[in-house]
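Chemist: Turn this into a structure:
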Amino acid sequence: MLKSFVDFLIERTGSLVEEGKIIVNIEKMNELKFL
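Modeler: Residues are numbered from 1 along each chain as shown. Okay, here's the model as predicted:
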């Protein structure tokens, strides 16, 4: 039970990090457009 919960947290954290990277990339693209 505990192990699957930890795996779930790691998965969620990983996907949040991936989403964060995508958001950062989009923001960088927007900055480049304004230059």
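Chemist: pLDDT weak spots in the protein?
Modeler: Applying pLDDT under 70 to the chain flags residues 35.
Chemist: What segments of it are strands?
Modeler: For the chain, strands defined by DSSP state E do not occur.
Chemist: Counting neighbours, what do you get for Val23?
Modeler: Rather than Val, residue 23 is Ile. Per other C-beta atoms under 10 Å, the neighbour tally for Ile23 reads 10. All C-beta spots, glycine's among them, are computed from the backbone N, C-alpha and C.
Chemist: now it: how far from Asn30?
Modeler: Separation of Ile23 from Asn30 (C-beta to C-beta, to the nearest Å): 11 Å.
Chemist: next one: Lys21
Modeler: Distance from Lys21 to Asn30, by C-beta to C-beta: 15 Å.
Chemist: Also Ile10?
Modeler: From Ile10 over to Asn30 (counting by C-beta to C-beta), the distance is 31 Å.
Chemist: do Glu19 as well
Modeler: Taken as C-beta to C-beta, the span from Glu19 to Asn30 is 17 Å.
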